[in-house]
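>>> Everything below, folded, please.
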Amino acid sequence: MHLEEEEEEEEEEGGGHAERKSPAVRCKVLVTREAGLQASEPTSVYLVDHAWTYRVRGARQQLEETPGLLPRMAALVGAELHGEGAELHGEDPETLELVMQRMWKYNQTYKLSQGPPEAREPVWYLLDEFGSGLQHSDRPSCSMAPFLYAPGGPAYSVLWALEDLQEGDEATRDYTYGETDPLVRRCRLLPWIPDPLVTWCSQNNLELNALKTVEMVVDFRRNAAPPAPLILCDSPVDAVESYRFLGSIISQDLKWELNIGSITKKAQQRMFFLRQLRKFNLPGRMMVQFYTAIVESIICSSITVWHPAATAKDKCSCRASSARPRGLSAAICLPSRSCSLPGH
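Numbers count the residues shown, from 1 in each chain. As a prediction, the model looks like this:
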């Protein structure tokens, strides 16, 4: 097989003339063997080297300290080095940040299922120039999987043909192999195949802000593989364990301790004002109206969502936050008929 680079010149119309942009280079892998490749042949299996293997916490340090690593990764992800001596020593902070941003588009990962906890930490790697040149296809002609050689320790990726290929045919693989959910496939393919939303925004002078976008993965599998980072507009989307949506805090484990804690804190703060009104001897009816509008509305926020899954401790905490001050009418400490907490 052979890695081939294609230059695609883009043109943009404006002011009655065409403005030529810098060419966009696209790599692809072609079959160069005259007899082609037969999927049934035992020799139609190839080893692809890993250009860079790392763990997330040490990625930046390796790029800064390993000679020649930053220039190679910059060329692989399409970033240019700046400054004299940067190509030799890799001392280019601007390019370093660009590589850290773009490498997620090329990253792949695996982890060991046995061994101590530190050995089972996810390992990330980038394929070499040949492996990174394999393009995606929903109907791939080849497949690839990581392969760890136990005696020596080095890791490779095994590439094999899924169908017979003739000379000049392109070798492709499925970037989301094994994923059958159409929506998840679309999300994972965003770095290479823009979603209609991304395309529509770019065509209508709108900009998607990846810095204000987060990803929360809900996965209850015992040995779940780390998900591939989500890339939006060439920027990685931050993965979070909890997120506030429409006033409610949703956690990754679908528990509601954070949400109930936030509600309890707000209710306690508003109960202070209710105690102050009591000192001015306001009529009981006005205080009930104040409680219903200011305190009860906080306690009952999204209650149909979180209350059935709340623990007994959380329910007691929520009730305690709305307990009546000493001397207040008992009617004030109860939610109205439209929203009642079980146990009141």
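
>>> Could you spell out which stretches of the protein belong to which domain?
2-174, 180-240, 257-333 (automatic domain parsing).

>>> so how far is the first residue of the second one from its last?
Across its full length, domain 180-240 reaches 24 Å end to end, with CA to CA, to the nearest Å as the criterion.

>>> Dump the domains of the chain into JSON lines; add distance to residue 250, mean neighbour count and mean pLDDT as well.
For glycine as for every other residue, the C-beta is placed from the backbone atoms N, C-alpha and C. Output for the domains of the chain, formatted as JSON lines (distance: least, CB to CB, whole Å; neighbours: other CB atoms under 10 Å; pLDDT from 0 to 100):
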{"stretch": "domain 2-174", "distance to residue 250": "24", "mean neighbour count": "15", "mean pLDDT": "77"}
{"stretch": "domain 180-240", "distance to residue 250": "7", "mean neighbour count": "13", "mean pLDDT": "75"}
{"stretch": "domain 257-333", "distance to residue 250": "7", "mean neighbour count": "15", "mean pLDDT": "74"}
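
>>> Kindly reformat the ones you listed as TSV containing distance to residue 248.
Conversion of these to TSV gives the following (distance: least, CB to CB, whole Å):
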stretch	distance to residue 248
domain 2-174	30
domain 180-240	13
domain 257-333	5
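
>>> Residue 249 is nearest to which of those?
domain 257-333 (4.1 Å; CB to CB).

>>> could you pull out the strands for the stretch 201-344 of the chain?
214-215, 231-232, 235-236, 238-239, 242-245, 248-251 (DSSP state E, counting those that start in this stretch).

>>> wait, which of those strands is closest to residue 222?
That would be, of these and by CB to CB, strand 248-251, which comes in at 18.8 Å.

>>> now the closest one, how far from the chain's geometric center?
Its chain's average C-alpha position is 18 Å from that of strand 248-251, according to CA atoms, centre = their mean, to the nearest Å.

>>> now swap in stretch 309-320 and tell me
Distance, centroid of stretch 309-320 to centroid of chain: 32 Å (CA atoms, centre = their mean).

>>> could I get that stretch in PDB with only the CA atoms?
The C-alpha trace of stretch 309-320 is given here as PDB (Å, rounded to 0.1, in the frame of the first residue of the first chain):
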ATOM      1  CA  ALA A 309     -35.100   9.100  42.900                       C
ATOM      2  CA  ALA A 310     -34.100  11.000  46.000                       C
ATOM      3  CA  THR A 311     -32.800   9.100  49.000                       C
ATOM      4  CA  ALA A 312     -34.400   9.400  52.500                       C
ATOM      5  CA  LYS A 313     -31.500  11.500  53.700                       C
ATOM      6  CA  ASP A 314     -32.000  14.000  50.900                       C
ATOM      7  CA  LYS A 315     -35.700  14.200  51.500                       C
ATOM      8  CA  CYS A 316     -35.200  14.900  55.200                       C
ATOM      9  CA  SER A 317     -32.600  17.600  54.300                       C
ATOM     10  CA  CYS A 318     -35.100  19.200  51.900                       C
ATOM     11  CA  ARG A 319     -37.900  19.100  54.500                       C
ATOM     12  CA  ALA A 320     -35.500  20.600  57.200                       C
END
